[in-house]
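Novice: Got a sequence here, can you build the structure:
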Amino acid sequence: MKTLNDIHALYDKKVLMRVDFNVPFYESGNIADDSRIRAHLPTIEYLIKAGAKVALISHLGNPEQSLQPVAERLSFLLKDAVTFIGDCLSDHTFATMDDLGEGCVVLLENTRAYPEEKANDMAFSKKLAEGFDIYINDAFATAHRKHASTYGVAECIEKKCAGLLMQTEVETLSRVLKAPKEPFLVMIGGAKVSSKLGVLKSLVQKADTMLIGGAMANTFLKAMGVDIRESMYEDDMLEEALKVVQLANEHNCKFILPSDATVAEKLEKDISTENPNVNDIPENMLILDIGKHTQAVWAEMVKDASTVLWNGPCGVFEVEPFHLGTKAVAQAVAKSHAFTIIGGGDTLHAAELFHVKNDIDYVSTGGGSLLEFLEGKELPALEVLK
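Specialist: Sure, this is the predicted structure:
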């Protein structure tokens, strides 16, 4: 993969840089969290210092939503004006960049306003690329998508490379996958086995220990004959779950499920809960979090690890009192002397909620891209930068 070290003579060059500014907004329209904007600052500042003329391009999940508030926040963070251009195909882009001169930054409008973006339409890609000297992709979180702004444009511009964020993501995650310092412990949580089946099969072949939390643990418990009562699980994933367990055994990976659970009659804030062994779940009860014994045991396991990778919450952490399992895990990871890595939207939200994000060694910006990378899949946005 080409990096900024492979690109020379940036001064006065027109650079199209793919970023991930798909930030959350409050109902008021204000930005709720600018972490994704801050993550790209090193690459943007590198290009400014080199004298490039930079056009930033991103998507927002809502095609009708504008990136203009992001331009305002970015101006504040850079301590310099960022010019917002209200269309990613605007005829005024280059005239504006020429007027502003070297080291300028402009932000183009939401690419999702055009259906051709997600379709990776080649004619649309050529229009996006037209007139630019260099293409830089710094958006690891979108690297698994074969869209016009992440893939098609790179085919249309000869000089291209990864930005500093993209480079750091790939190098850090590659190092962990190829040669993690042992013992290597992986914690995977979340709702569905189906959404993480590939990464589960991949990581049990590399990890010394794998801990499974969240509703996906219910599917494994059910597959192994545990009566989980009314708890959520995936019926069509029971056989696949057993295959993951078998694969773990074949590769000497300790595959550990919760030994106890926090249960309630329904998912409701401040409802009365019980903490039974997983083999003694009362009738009409739902498993909604890992139990106290599991929390303590897992915290000790994290403490003894040398490398820890965490993706996915242990329970319905957004609703108290089912936040305690994820909180305990988050705090254990933060206190660990291991090299710690977390990734995925819910995991990052939990790390922020429980105030541990700054104590993690590496916070990946990827969600789907992180899982596919850990699974060993070729990511289209990386492939096209070779």
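Novice: Quick one: the helices in the stretch 1-150 of the chain, in order.
Specialist: Using DSSP state H, counting those that start in this stretch, the helices assigned to the stretch 1-150 of the chain run over residues 35-39, 41-50, 68-78, 93-100, 122-129.
Novice: which one of those lies closest to Val199?
Specialist: Taking C-beta to C-beta as the criterion, helix 35-39 is the member of these that comes nearest to Val199, at 22.2 Å. For every residue, glycine as well, the C-beta is placed using N, CA and C.
Novice: Centre of the chain to the closest one, how far?
Specialist: With C-alpha atoms, centre = their mean, to the nearest Å as the basis, helix 35-39 stands 13 Å off its chain's centre.
Novice: What are the buried residues along that helix?
Specialist: Arg36, Ile37, Ala39 (16 or more other C-beta atoms under 10 Å).
Novice: Save these as TSV, and put in pLDDT and distance to Ala264 too.
Specialist: Below are the buried residues of helix 35-39 laid out as TSV (pLDDT from 0 to 100; distance: C-beta to C-beta, whole Å):
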residue	pLDDT	distance to Ala264
Arg36	93	35
Ile37	97	38
Ala39	95	37
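Novice: hang on, the earlier thing: present the helices of the stretch 1-150 of the chain as a markdown table; the columns should include distance to Thr294.
Specialist: As requested, those are exported to a markdown table (distance: least, C-beta to C-beta, whole Å):
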| stretch | distance to Thr294 |
| --- | --- |
| helix 35-39 | 30 |
| helix 41-50 | 39 |
| helix 68-78 | 40 |
| helix 93-100 | 54 |
| helix 122-129 | 49 |
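Novice: Of all these, which one is nearest Leu267?
Specialist: helix 35-39 (28.1 Å).
Novice: Strands of the stretch 201-350 of the chain, start to end?
Specialist: Secondary structure of the stretch 201-350 of the chain (DSSP state E, counting those that start in this stretch): strands at 209-212, 254-256, 261-264, 286-290, 307-311, 339-342.
Novice: what are the pairing partners of the fourth one, and which direction each?
Specialist: Pointing back at strand 286-290 there. strand 261-264 (antiparallel) (DSSP bridges).
Novice: Now do the partner strand: distance to the chain's middle.
Specialist: 28 Å.
Novice: For Thr172, the count of nearby residues, please.
Specialist: Using other C-beta atoms under 10 Å, Thr172 has 15 other residues around it.
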